[in-house]
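S.K.: no sequence on hand, only this structure:
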C-alpha cells in the first residue's frame, strides 16, 4: 500500500493537547492517531487504526495458534445472566446500564464470563466435548470514575477476552499455562518490557491469578521486583518471608514497664532507649496492634479484628484489603473504643485481645520465639520481651504490613525494589463460580454431572497501542516497532523540485511492488516540517529524497537510533526490503 | 488453516429454532453460525464469524480501492452533537440512550454523520484539503420496534458507513457516483442479485438517494421494476408518467347532474352507466378528492390539503408521506368536516376547494384538457366533463396515488411489476444539513468560507451474511459462494476405518500446504450424520473419503449443483486447488 500524505486524513499538532498528561496520550494526539470524543472515549484516525489492527492481528494469530477458537458476542447484553451471578449489582457504577424501548434492562458488556458460560452450556453436553478455549476481540465498556491518559484507561476499549472450560482442576491448570505461554509470546512479539506478577497472595491457589504489567514510569500499578531474580509481584501479593522459629528455652521473661506518655512507636522507642534496660531498641522490636472492624458481604454485624505488625511498618490498606477479601473492613472509631473499654488506645496488647476473644492476626515475622515490646493494656504501660508462642498465641498470620524497598525478596534471591507498570494482560483461574451460578456442567462417562471449571484471560488490545508508545517514544515523537508500525517506510520528498517528487513516486511504487507499505510525504510543505512530522509519526525507517539525489544518493534514517546512511538510489529498494523483511 | 470438526465449537441442530421464520435465520442457527442472546442481538460462532469477516474484507478492499480512508469511531457517543442536529429527539424510541455515572447523556450510535462532520471540522480548514471520503466498519445500535429474522434486522449490527465531503455540488455528485460504483463492485463480488432503486421521487434532485435492494421473497421492502428495462424504484419513488396535455377546443361543456345516493366511486359509476349519458364511464374517469390536514415540523396549526386522484386508485399513505415529508399529515375527522361546511362529504369538487383556498394537489394524470366526473359540492350531485385547465386549475401535482402492477414504467419501456427486497446498501446526497448545523466549512481561495456538502453511504455488513444465505440456500442447507465460505473445502471422512482418517488428515495437510482452508470432519459420527452436516454447513466443495479409497478414488461434490465426480486420490489436491483458485 502507498499512502500519500497529500491526501491522508492527518493533521499533526505542534502543541500538546491541554488534557494530556502522559507521553503516549500527548504523542498519539499530536501525531494524529486518535481523537477524543468524550471522556475516555476516543476515535481512531487512519494511522492509529492501522497500529491497532496490527496489534490485534498479532493477538489473534497467537490465540489461534494455541487452539483457542474465535467467536464474537454482542456488547449490548441483557441483564438476566449478570443478575444470576450478582454482577449486575456488584459492578456498581462501573457498569453502563440502559433500558430498551420496552423498559427491559440491558448493559454494555464489561467482560463476558456469563455469556461464554451460557453459550457453552447451550452447545455442549458431554464430557467428551471438553476441554475448550474460546475468545473474542471486542469493544468493552466500563464507566471508569476517572478515565485518563487517553486510550490507556478508556471507557470504551478493545479487549481480547478468552475463557477456558475444563472438566478438572488439572485441566484448568493446563489451560491456564497455555494461555500464560501465549501471552508471553504475544508480548514478546510486541517487544514489550513487562513482568508477570502474582495478582494475589495465593490464598486461592498457587498461580490462581497473574497479571502482566508493562513497565512504564507513568504506570498506575505499583509492583516490586527482586534485585536477584525475575521475581515480581503486586504489592498485594508479596508473601513475607518468615524467619525460622526460635527456641523458647532461655529467653528472658516478659516484664511490664511504666512507660508514661508513649502512645506512639516513636515516643515508646525514645523512652525505652532512655530507660536503663541494658540494650537498644528500634521500632522493629515493637509489636503494634491495629484495630479494625470486619464484615463479610451480606453480614450486618461488624466483628473486631486486631492486626499485629512490627512497629516500624504501617498496615498497608491495599494489602489488608486483598488479605481480607471478600470481607470489607473499617478502622475503629471512637465509639467502638468506647464500647470496648478493654482496648486501651496506644497501649493495646495481645493479652486483652485474646482474653476478650478479639480475632488477632499477626505479621508473618511474628514467629514462635520472637520477643516483642508491646502494649500492656493499661495506659502508660508496655510489656518488654513478650514472646510469641510462649506468652501469647495469635489466631494466625496476615499479609497486611507494608512492603518496602530493601525487603528481602520472597524467593530468597535478593531484595525488593519498587517499580510502576500498566496491566496489559491478566490470567485468572476462575474455577466454578460462574458454572455453579449458571448451571454449566457436562455429563460424565459415569452419567454423573461434572461442573465445569473455567479460566478467564484478558488482554487490553487498544491499551497496548498506548503502552507500546510509552515504552518506545523519544523527545521527537513516536518510535514504532516495525511489527506494529502504520507503515514499513516513510519516504520524505524533501524539496519542491519535480524530479524529487518523481523519484519519491518511483521509489514508493518500486517498494510497493516488493510488498513494502509506504507512507509517502508528497505534500508541498517545507523539508523541515516534513522531517518533524516523520519523527513525530514514528515509522521505523525514513528515506529522505533530497539534494543528494543529484549525486545519485538518498538518505536512510533509522528512527529509533537516529543513524543515517547514504544509499545509492539504485540499491535503496533492496536495502529497505532487507530492513523490513 | 485446517479446522477439525472433532474440536470445533459447533453443534448443528436438526430442528428449526422456534423463533425463526425466514430461511436464513433458521439455517444460520441450525448450522451453528449464530446464536440469539436477546431480541435482535446475536453472537457469532466460529463459522459465522469467518463468513462475516470475509464479507467485511471485501467491503474494506473496495472502499480502500476507491480511495476512502478507514477510521473508527466509538459506539458510545455523547448527546451534544446529536442535540445540535436535533437527531437526539428525532430518532425517537429507535435510539438507545443511557447516562454515565455522572448523569451525562450518551447514546449508542445508530449512524455517525455528526461525528464525522465534527472530526473533519477539527482537522481540515482549507479548501485545499478537499475532497475527502472517510469510512468505518463498526457496530451500530438501533432499538428496532420489531427486531426480526435473526441478523437480518438486528438491534446491534455491523455496518460500513462512509461519508464524503466536498466543496461543490458537482463534487458531491462525483463522490456519490464513486460510492455507487464501489457498491456495485462489492455486491457483484458477493454474487448478489440486486436492484438499485430510487429511494425518493426526486424532489431533492435527480439521484439524491438510491437504495440497493437484494431481491428475496422474504424482503420487507416492496419495489417495482419494469418488464422492459432495468428500471427499478421504491414505490414511493415512482414518478407517474403524465399523458400529454389535450387541446381544450371542442371539448364538451361541464354539466352538473343529480346523482342521488352516490357517495362512493362504485355507486357513482353504476349510476352514471345507468343514466342515459351516451357513453360508458369507468372509475378511472372520475376524480376523487381526498382531504387531509398537514402540518410542518414545529408548526402548531394544521392546514387543509386536498389530493385529487383518479377514482380507480386509492391514495397510498407511504407515497403521500414521502411526497409531503418533512410535513406530517392526518386524515380529516368528522370535527374537521363540521368546521368546514363547504366540504360536502362524498361530493367534494374542485370548485369549493379552490373558492375556499384549500391547497389542492392532483395526480400527474390530471393534465390540461382531461375531463373528469367529480363532486359538485352539493349532496347527491356530481359534475361530468369538468376539464382541467379550463374549469379548474389545481395548485400543483402530487405523487400520492397507489402504484399498481401493469402501470406503465416511468421510463416508457414496459409495465411495472412488484418485487420484494432487502436493503443492503444506501447512497444519499446529504447536502449541507449537517455542515450547517455543526459549522463545517472550509476557507476558500478568496478567503471566504465554503460550507461543505456531504454524502452518506451505508452497507449492512452483518445483514449481508443473511442476505447471501437467503439468495443461495436450498432444501438441504446453506450454499455459500466461494468468496465468503467459512472454508474452501469440506473433507468428510466417511467411516471409522483408521486408513480413512489417515487419508483425510493427509489430504487436509496437503491442501493446507497449497493455501486451501480445510474443514475436516474427523468426528467419530456416522457418514449419514456427516453428509447431512456438510450439506447444512454449505462449504462449496465437499470431498468424501469413503469406500472408494480402497480403489484409489475419492468423491468430490459440488454443494451448489449436487454434481459428484470420482477423482483419483493422487490428483485430488490439484483438482481442489483448481476449483478454489
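M.R.: It's in. Only a predicted model underlies this, so the values are computations on that prediction, with no experimental measurement involved.

S.K.: going by C-alpha atoms from here, please, whenever you check contacts or count neighbours.
M.R.: OK.

S.K.: correct me, but residue A:37 touches residue A:43?
M.R.: Yes - because the distance of 6.6 Å satisfies CA atoms under 8 Å, residue A:37 is recorded as touching residue A:43.

S.K.: between the two, which one's more packed in?
M.R.: More crowded of residue A:37 and residue A:43, by other CA atoms under 10 Å in any protein chain shown: residue A:43, with 21 against 17.

S.K.: tell me the contacts of the more buried one?
M.R.: For residue A:43, the set of contacting residues under the criterion of CA atoms under 8 Å, 6 or more residues apart in numbering or on different chains consists of A:34, A:35, A:36, A:37, B:71, B:72, B:73, B:74.

S.K.: all helices for the stretch 351-500 of chain A, in order.
M.R.: Under the criterion DSSP state H, counting those that start in this stretch, the stretch 351-500 of chain A contains helices at A:433-438, A:461-472, A:498-513.

S.K.: for residue A:577, helix, strand, or coil?
M.R.: Per DSSP: H, G, I helix; E, B strand; the rest coil, the local secondary structure of residue A:577 is helix.

S.K.: same deal with residue A:247?
M.R.: Judged by three-state DSSP, the three-state class of residue A:247 is coil.

S.K.: which ones are touching it?
M.R.: By CA under 8 Å, 6+ apart, the neighbours of residue A:247 are A:368, A:369.

S.K.: now it: phi and psi?
M.R.: For residue A:247, the backbone dihedrals (degrees, to the nearest 10) come out as phi -60, psi 140.

S.K.: residue A:323 now?
M.R.: The main-chain torsion angles of residue A:323 are listed as degrees, to the nearest 10 and equal phi -70, psi -30.

S.K.: which ones are touching it?
M.R.: Counting by CA under 8 Å, 6+ apart, residue A:323 makes contact with A:201, A:236, A:398, A:399, A:400.

S.K.: reformat those as JSON lines; add pLDDT, distance to residue A:281 and neighbour count.
M.R.: Rendered in JSON lines, the data for the contacts of residue A:323 read as follows (pLDDT from 0 to 100; distance: CA to CA, whole Å; neighbours: other CA atoms under 10 Å in any protein chain shown):
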{"residue": "A:201", "pLDDT": "47", "distance to residue A:281": "31", "neighbour count": "23"}
{"residue": "A:236", "pLDDT": "85", "distance to residue A:281": "29", "neighbour count": "26"}
{"residue": "A:398", "pLDDT": "95", "distance to residue A:281": "24", "neighbour count": "20"}
{"residue": "A:399", "pLDDT": "93", "distance to residue A:281": "24", "neighbour count": "26"}
{"residue": "A:400", "pLDDT": "94", "distance to residue A:281": "23", "neighbour count": "29"}
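
S.K.: nearest to chain B, of the residues you listed?
M.R.: For the contacts of residue A:323, the residue nearest chain B by CA to the nearest CA is residue A:236; the value is 28.3 Å.

S.K.: isn't the closest one up against residue A:318?
M.R.: Yes - counting by CA under 8 Å, residue A:236 touches residue A:318, with 6.5 Å between them.

S.K.: and for those two, which residues touch both?
M.R.: Counting by CA under 8 Å, 6+ apart, nothing touches both residue A:236 and residue A:318.

S.K.: dihedrals phi and psi, residue A:20?
M.R.: The main-chain torsion angles of residue A:20 are listed as degrees, to the nearest 10 and equal phi -100, psi 130.

S.K.: which residues does it contact?
M.R.: If a contact means CA under 8 Å, 6+ apart, then residue A:20 has A:26, A:149, A:150 as its contacts.

S.K.: in a markdown table: those, plus pLDDT.
M.R.: Shown next, in a markdown table, are the contacts of residue A:20 (pLDDT from 0 to 100):
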| residue | pLDDT |
| --- | --- |
| A:26 | 95 |
| A:149 | 82 |
| A:150 | 83 |
